[in-house]
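> Next come a sequence and a model predicted from it.
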Amino acid sequence: MNKSIRGTILAAAVGAAAVFAPAHATEGAVGRPITGLQAASYSGLIPPTPGWNMQIGYAYYSGEIGGQREIPIGGVSAVGLTGTFDMLTFTGLYIWDTGEGRWNFASMATIPFIDVSADADLRLGPISGSRSDSDTGLFDAFFAPVIASYHIDQLRHVSLSLYIYAPTGDYEVGRLANPSLNNWTFSPTVGYTQLFQKGTLEWSTTTAVDIYTENDATDYQNGAVFRVDSLLVKRFANGWGIGGVGGWIEQIEDDDSAIADRLDGFKGHSLALGPIATYAKKWDGGQVEFSARWLKEFDVENRLKGEPFMLSASITF
C-alpha cells in the first residue's frame with residue numbers, strides 16, 4: 001500500500017461517519033448528516049501500515065425552510081426557519097498492527113466544536129413571535145470502536161463500521177440554537193472503494209443508516225435516516241486531484257411526537273451535487289492531504305436547503 005493512499009485514509013474513515021452535523025436532528029429539519037459531506041476518499045480502505053493519523057476539519061452550512069412550513073424544534077413549533085452552522089473538528093485515528101492480509105482494522109474518535117445561530121417564528125399554543133438564538137461550544141462527540149476493511153483485491157475494498165454519537169453538547173428545551181441533538185445515534189456504515197487507471201482515478205461510496213434514541217427533554221423520536229454519499233476523483237502526479245461529489249438523504253421512518261404526528265411524520269429528503277478538489281504533499285515519514293468541496297442541495301423536503309462547504313487537512317505520521 002503506497003503512502004499516497006495511506007495519507008488519505010483518515011479523511012475516508014472520518015468522512016464516512018457523517019462528520020459535520022448541525023445542532024438540529026430531523027427534529028429541527030436537518031439531521032446528523034448534511035447532504036454530500038459524508039462522501040469520503042478511500043471510504044472502503046484501511047491500509048495495513050499501523051500508526052496514528054490526525055484530521056482537522058471545518059464546515060460551513062447555511063440553510064432555510066421558507067414560507068409557512070411548520071417545523072418541530074426544541075419542543076416547540078416554528079415556521080420560516082433559517083440556520084447557520086460553523087463546525088471545527090479534531091479527529092484521531094489509529095490503524096491497528098495487523099499486517100498484510102485480507103483484513104485491516106482501525107479505531108477513531110472526533111471532538112467537534114460548533115457555532116450555531118437560528119432565526120424563526122415560534123408557535124407555542126396560541127402564542128407566537130419571532131426569535132433569534134445563537135450558541136457556541138462543544139458539539140456531540142462521536143467514535144468508531146472498530147473500522148474493519150476487507151480487501152477484495154488491489155483495486156476493490158469494502159469497510160464495515162459502527163459510528164456512535166454521544167450527547168456531549170449543551171441542550172435546552174425551547175432554544176432554537178442548541179449545540180447538541182440530545183440523543184444517542186448509532187450509524188452502521190458500509191464503505192466501498194474502486195480504483196481505476198493504476199490507482200489515479202478513484203470512486204468511493206459510503207452508505208449508512210442513522211438510528212436515533214429519543215430526545216427525552218422533548219419526547220421527540222427521530223425516524224431512521226438512510227443516506228448514500230459518493231465521489232469520483234482523478235489525482236495527478238503534481239499532487240492535485242479534481243472530481244465531483246454527491247449525496248442522497250432519505251428518511252425511512254416517520255418521526256414520533258405530538259407535533260410530528262400533526263405533520264404526517266415529518267419525513268425528510270434531500271439531494272446534493274458539487275465539485276471537490278484535493279492536494280497532497282509528502283515528506284519523509286508522513287504526508288498531508290487537503291480537501292475542499294462545495295455542494296448545492298436540491299429536491300429538498302422537510303429539511304433545511306442550502307449550499308454546504310467543507311475544508312479538511314489529513315495528516316499521516
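Looks like it arrived, so ask away.
> And the strands in the stretch 1-150 of the chain?
For the stretch 1-150 of the chain, the strands defined by DSSP state E, counting those that start in this stretch cover 51-64, 70-73, 76-95, 103-124, 127-138, 142-151.
> Let's see the third one as PDB, backbone CA atoms only.
Listed in PDB are the C-alpha atoms of strand 76-95, where the atom choice follows Å, rounded to 0.1, in the frame of the first residue of the first chain:
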ATOM      1  CA  VAL A  76     -41.900  24.000  20.100                       C
ATOM      2  CA  SER A  77     -43.200  24.600  16.600                       C
ATOM      3  CA  ALA A  78     -41.600  27.100  14.200                       C
ATOM      4  CA  VAL A  79     -42.000  28.500  10.700                       C
ATOM      5  CA  GLY A  80     -39.600  30.200   8.400                       C
ATOM      6  CA  LEU A  81     -36.600  28.600  10.000                       C
ATOM      7  CA  THR A  82     -33.100  29.800   9.000                       C
ATOM      8  CA  GLY A  83     -30.000  28.100  10.400                       C
ATOM      9  CA  THR A  84     -26.200  28.800  10.100                       C
ATOM     10  CA  PHE A  85     -23.600  26.500  11.300                       C
ATOM     11  CA  ASP A  86     -19.800  26.600  11.600                       C
ATOM     12  CA  MET A  87     -18.100  23.500  12.800                       C
ATOM     13  CA  LEU A  88     -14.500  22.700  13.700                       C
ATOM     14  CA  THR A  89     -13.500  19.000  14.300                       C
ATOM     15  CA  PHE A  90     -10.400  17.300  15.700                       C
ATOM     16  CA  THR A  91     -10.100  13.600  14.900                       C
ATOM     17  CA  GLY A  92      -7.600  10.900  15.900                       C
ATOM     18  CA  LEU A  93      -7.500   7.600  14.100                       C
ATOM     19  CA  TYR A  94      -5.300   4.600  14.900                       C
ATOM     20  CA  ILE A  95      -4.600   1.900  12.400                       C
END
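> With mean pLDDT, mean neighbour count and distance to Gly44 added, can I get the strands of the stretch 1-150 of the chain in JSON lines?
Backbone N, C-alpha and C define where each C-beta goes, glycine included. Below are those laid out as JSON lines (pLDDT from 0 to 100; neighbours: other CB atoms under 10 Å; distance: least, CB to CB, whole Å):
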{"stretch": "strand 51-64", "mean pLDDT": "91", "mean neighbour count": "19", "distance to Gly44": "17"}
{"stretch": "strand 70-73", "mean pLDDT": "74", "mean neighbour count": "24", "distance to Gly44": "36"}
{"stretch": "strand 76-95", "mean pLDDT": "87", "mean neighbour count": "20", "distance to Gly44": "15"}
{"stretch": "strand 103-124", "mean pLDDT": "88", "mean neighbour count": "19", "distance to Gly44": "11"}
{"stretch": "strand 127-138", "mean pLDDT": "82", "mean neighbour count": "13", "distance to Gly44": "31"}
{"stretch": "strand 142-151", "mean pLDDT": "96", "mean neighbour count": "20", "distance to Gly44": "7"}
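> Throw the ones you listed into CSV and include distance to Lys282, thanks.
CSV is the format used below for the strands of the stretch 1-150 of the chain (distance: least, CB to CB, whole Å):
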stretch, distance to Lys282
strand 51-64, 14
strand 70-73, 46
strand 76-95, 18
strand 103-124, 21
strand 127-138, 34
strand 142-151, 22
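> Run the chain-centre distance for stretch 303-317.
Distance of stretch 303-317 from its chain centroid, counting by CA atoms, centre = their mean, to the nearest Å, is 8 Å.
> How about stretch 38-55?
With CA atoms, centre = their mean, you get 16 Å for stretch 38-55.
> got it, and stretch 43-56?
18 Å.
> ok, Phe85 touching Asp115?
Yes. Proximity of Phe85 to Asp115 meets the contact threshold set by CB atoms under 8 Å, at 7.4 Å.
> Where do the helices of the chain begin and end?
3-15, 258-262 (DSSP state H).
> Any idea which of those helices has the lowest pLDDT on average?
With a mean of 46, helix 3-15 has the lowest mean pLDDT of those.
> Please report the distance of Ala78 from Asp133.
Distance of Ala78 to Asp133, computed by CB to CB, to the nearest Å: 11 Å.
> intersection of neighbour lists for these two?
Residues touching both Ala78 and Asp133 (CB atoms under 8 Å, 6 or more residues apart in numbering) are Leu176.
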